[in-house]
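J.: task: produce atomic coordinates for the following.
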Amino acid sequence: MDVMDIEDLVPEEIGGICGIAAPIVAYIFIGIAILINRSWFRWANHALSDLGAADASYSNIFNIGLVLAGIIGFLFAMAIFRLIETRVGVAGVSFVTASMILLILVGIFPAGTWPHLYVAVGFYALSIIGIALIGIDQMVDLSEPMWGVFLISSIVFSLATVLLLYRIPYDIGYAIPEFIGSIPIMQLSLVWGTRLYFE
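T.: Alright, predicted model coming up:
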């Protein structure tokens, strides 16, 4: 199956709606989980995944939210093949698509299960690598290099922020870096979802 076949699997408007919806769904479910568990959850002491652990109240809210966001994000990722220009871009979108499968698995294998750490780290790693490759692809497209600059700068900003946070002589836990690490993924999804929908 070539790229043209893949991109035809998800219509542009559907892919655009999914791109806009995926981070909104994820953040709403995470927000609800934080609200429910506000008696013990602390950004500086916990990982976001702790909200989906078996001992968390209504842990399924967090886990179902990730599964739904992953499914919606997968459909979006399939649709953005039509916006790429090079083999590097194909590789980048493939990484992002695989990362959405891993996001689904993060919800299926919550904190406390043995594969959780691997699928969670894999989700972030594949997402960032994929977005960087898509950014390179877009910078090669000299007619609209701003999209590539936007993606690369988003990654650089997020990684630099996380590194600076770890220079602070206090324990900041994992939730804050996890949230910051999600920003480039959220921006890709919202901005490119909007591109798909209106182009």
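J.: isn't Ser154 right up against Ile183?
T.: Yes - shown here, Ser154 and Ile183 form a contact pair, counting by C-beta atoms under 8 Å, at 6.8 Å. Just so you know, the C-beta spots here come from the backbone N, C-alpha and C atoms, and that holds for glycine as well.
J.: who has more neighbours, the two?
T.: Ser154 (21 against 15; other C-beta atoms under 10 Å).
J.: quick one: the more buried one and Phe62, what's the gap?
T.: Shown here: Ser154 relative to Phe62, a distance of 25 Å by C-beta to C-beta, to the nearest Å.
J.: does the residue with the largest distance to the centre of the chain count as helix, strand or coil?
T.: Largest separation from the mean C-alpha position in the chain: Pro169, at 28.4 Å (C-alpha atoms, centre = their mean). Using DSSP: H, G, I helix; E, B strand; the rest coil, the structure places Pro169 in coil.
J.: look up how far Ser158 lies from it.
T.: Separation of Pro169 from Ser158 (C-beta to C-beta): 22 Å.
J.: what segments of the protein are helices?
T.: Applying DSSP state H to the chain gives helices spanning 3-7, 12-36, 59-79, 87-108, 116-140, 146-165, 175-198.
J.: got the buried residues for stretch 124-131?
T.: Buried residues in stretch 124-131, counted by 16 or more other C-beta atoms under 10 Å: 124, 126-131.
J.: pLDDT-wise, which helix or strand of the chain ranks last?
T.: helix 3-7 (a mean of 57; mean pLDDT, DSSP states H and E).
J.: before we move on, back to that, closest to Leu48 out of the helices of the chain?
T.: helix 175-198 (4.9 Å; C-beta to C-beta).
J.: which strands and helices sit next to the closest one?
T.: Of the remaining helices and strands, those touching helix 175-198 by 3 or more C-beta pairs under 8 Å, 6 or more residues apart in numbering; DSSP states H and E are helix 12-36, helix 59-79, helix 116-140, helix 146-165.
J.: which of those sits most buried?
T.: Ranked by mean neighbour count under mean count of other C-beta atoms under 10 Å, the helices and strands packed on helix 175-198 are led by helix 59-79, which reaches a mean of 23.
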